[in-house]
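**Q** Sequence unavailable; structure follows:
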């Protein structure tokens, strides 16, 4: 979801059902890349760092395997982007 500053509505960024925690992580990486690519360089840096952080990907995979959701939040000066991967079979 995207949460624009000074607005009461949120904007869905997409959803996708997967059959495994690994596929859920793959979806999260794709969505993170999509959001990061649209941010100015300074705001995109945390997302680019996360995309290359293999230990954090393993941590996310462990959460999803243990049936716990994993959340990544990015932002710029006007919007907060909350990306969440849920374990297969669960929804928000």
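**A** Okay, I see it. Remember, it's a predicted structure, so these values are computed and weren't measured experimentally.
**Q** Let's see the pLDDT reported for residue 41.
**A** What the model reports as pLDDT for residue 41 is 94.
**Q** repeat for residue 63
**A** Residue-level confidence at residue 63 comes out at 95, pLDDT.
**Q** Quick check: phi and psi at it.
**A** For residue 63, the backbone dihedrals are phi -60, psi -50 (criterion: degrees, to the nearest 10).
**Q** what's around it, how many residues?
**A** Residues within reach of residue 63, counting by other CB atoms under 10 Å, total 18. Using the backbone N, CA and C atoms, a C-beta is placed for each residue, glycine as well.
**Q** Surely it is in contact with residue 57?
**A** No: under the criterion of CB atoms under 8 Å, residue 63 makes no contact with residue 57, lying 10.7 Å away.
**Q** quick one, strands of this structure?
**A** Per DSSP state E, the chain has strands spanning 2-4, 70-75, 79-85. These are given in chain order.
**Q** can you list those in TSV and add mean pLDDT and distance to residue 32?
**A** Supplementary listing: those in TSV, determined by pLDDT from 0 to 100; distance: least, CB to CB, whole Å:
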stretch	mean pLDDT	distance to residue 32
strand 2-4	93	13
strand 70-75	96	6
strand 79-85	94	6
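**Q** out of the ones you listed, deepest packed?
**A** Neighbour counts averaged per stretch over the strands of the chain are highest for strand 79-85, at a mean of 19; criterion: mean count of other CB atoms under 10 Å.
**Q** Let me see the contact set for residue 58.
**A** Contacts here follow CB atoms under 8 Å, 6 or more residues apart in numbering; on that basis residue 58 touches nothing.
**Q** can you pull the pLDDT of it?
**A** Looking at residue 58, its pLDDT stands at 97.
**Q** swap in residue 92?
**A** At residue 92 the predicted local confidence, pLDDT, stands at 55.
**Q** ditto for residue 7
**A** 88.
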